[in-house]
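Visitor: Sequence first, then the predicted structure, then my questions.
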Amino acid sequence: MSSSHLSPRETFRLGPFVTPRIWTGLWQLSSNAWGSASVSKIRHGMIRHAELGYTAFADHYGSAEIIFGQFRESFRSPGQIIGATKWCIFKRINPSRAVVQAAVYERMERMRTERVDLLQFHWADYTDKGYLTALAHLLDLKRAGIIAAIGLCNFDTIRTDEICTELGPGTIVSNQVQFSLIDTRPLHGMSDVCEKHGLKLLTYGTLCGGFLADKWLGSPEPDPYSGDLTPSQRKYLDMIVKAWGSWDLFQALLVVLRSIANQHGKSIANIATRWVLDHSFVGAVIIGARLGLSEHPDENRHVFGFRLTESDNARIEAVLDRSNGRTIITSIGDCGAEYR
């Protein structure tokens, strides 16, 4: 089978880059709670993804930036690889030019690069308008060629609109937020802001930590304290059974997704991912891979080459209508509220 046949067939433009619509998330490197693999196994996992056409990697947790930098340096075509990292501010700081520049240079050093491809910025306290100052400095660094593109991470609709309006068109290229069949908050305002300012969402949680998969069809509700779940699964189980609905309703959704998957010759995960990608304001989904332990690049390529039909979407909506999905934006708050 040729590598071109294996490569993801859908791309989108993000600032100066043309990237695949599935990115590889490296958040499992934050903790051994996801299981651990050797650095060489992780690097080999990255090479396998890149050779299959998954050339964009995201996140900064633990040693992710360092391992990514080593991998890109050793890859046969390093120029094809895109690395997105983050700068997250959780407590009050003075976002002076020196502070902002030091944070960006630290990213560059860890990733072994002379330019950050995509710097995603998170600011926890909206009462402190320092985020506008910090972003103005990041924009200066972008003009100097030190950053190729600036994105946001877990910003809400109001602040995303404010930032794009204040800093001008094209300053921000993306916002990384949670979006899935279970968490549809971006449909309630964020999608309009994306259209207004030409932004794309980079979405995570698309498979709810792996719950939107054939493995869970017909399974009893797991015990969140059993020790068998990853940190992601504990978080998303809570969302499914407390904020969204119930395990029984979730099973009803999986039954419908399995039926649709049968018609398309796909998996439940493929259908759940395709549903997100079919929204025009979504640039890419970031799918977490436990590199060297549990990764699904071959299965993920089946997301491409088809679209959900009106009938498929109507059947999905019929289940979603029975959930609390539309009120999550009031019970939890807008995109990213759970991190504030």
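Guide: Happy to help now that I have it.
Visitor: Low-confidence ranges, the chain, go.
Guide: 1-8, 27-37, 290-298 (pLDDT under 70).
Visitor: Name all residues that make contact with residue 89.
Guide: Residues counted as contacts of residue 89 (Cβ atoms under 8 Å, 6 or more residues apart in numbering) are 95, 121-124, 130-131, 134. Just so you know, the C-beta spots here come from the backbone N, C-alpha and C atoms, and that holds for glycine as well.
Visitor: how about it, phi and psi?
Guide: phi -110, psi 110 (degrees, to the nearest 10).
Visitor: Report the beta-bridge partners for it.
Guide: Note on residue 89: beta-bridge partners by DSSP bridges are residue 123.
Visitor: What's the separation between it and residue 52?
Guide: 35 Å (Cβ to Cβ, to the nearest Å).
Visitor: what do you get for residue 64?
Guide: According to Cβ to Cβ, residue 64 and residue 52 sit 20 Å apart.
Visitor: Also residue 237?
Guide: Counting by Cβ to Cβ, the gap from residue 237 to residue 52 is 30 Å.
Visitor: ok, these two, which is more surrounded?
Guide: Each of residue 237 and residue 52 has its neighbours counted (other Cβ atoms under 10 Å); residue 237 has more, 20 against 17.
Visitor: That one - nearest residue in space that isn't next to it in sequence?
Guide: residue 224 (5.5 Å; Cβ to Cβ, 6 or more residues apart in numbering).
Visitor: swap in residue 304?
Guide: residue 9 (4.5 Å).
Visitor: Same question for residue 81.
Guide: Distances taken as Cβ to Cβ, 6+ apart put residue 72 closest to residue 81, at 4.7 Å, once the chain neighbours are dropped.
Visitor: give me every residue that touches that neighbour.
Guide: By Cβ under 8 Å, 6+ apart, the neighbours of residue 72 are 78, 81, 83, 111-113.
Visitor: Only whichever of those are buried, select them in ChimeraX.
Guide: To isolate the buried subset of the contacts of residue 72 in ChimeraX, counting by 16 or more other Cβ atoms under 10 Å, use the following:
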select :81,83,111,112,113
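Visitor: Sort out for me which of the contacts of residue 72 are in helices.
Guide: Members of the contacts of residue 72 lying in helices (criterion: DSSP state H): residue 111.
Visitor: Kindly reformat the contacts of residue 72 as JSON lines containing distance to residue 160.
Guide: Output for those, formatted as JSON lines (distance: Cβ to Cβ, whole Å):
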{"residue": "78", "distance to residue 160": "32"}
{"residue": "81", "distance to residue 160": "28"}
{"residue": "83", "distance to residue 160": "23"}
{"residue": "111", "distance to residue 160": "26"}
{"residue": "112", "distance to residue 160": "31"}
{"residue": "113", "distance to residue 160": "27"}
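Visitor: List just the nearest of the contacts of residue 72 to residue 182.
Guide: Nearest to residue 182 out of the contacts of residue 72 is residue 83 (Cβ to Cβ; 28.5 Å).
Visitor: Pull up the gap between the closest one and residue 17, please.
Guide: Distance of residue 83 to residue 17, computed by Cβ to Cβ: 11 Å.
Visitor: Quick check: neighbours shared by those two?
Guide: With Cβ under 8 Å, 6+ apart as the test, residue 83 and residue 17 both reach 117-118.
Visitor: Any buried residues in the strand or helix carrying residue 109, and which?
Guide: For residue 109, the element it lies in under DSSP states H and E is helix 97-111. Residues of helix 97-111 classed as buried: 100-101, 103-104, 107-108, 110-111 (neighbour count, 16+ other Cβ under 10 Å).
Visitor: Not counting that helix itself, show me its contacts.
Guide: By Cβ under 8 Å, 6+ apart, helix 97-111 touches 60, 65-66, 68-69, 72, 83, 85, 87, 93, 114-116, 119, 134, 137-138, 140-141, 146-147.
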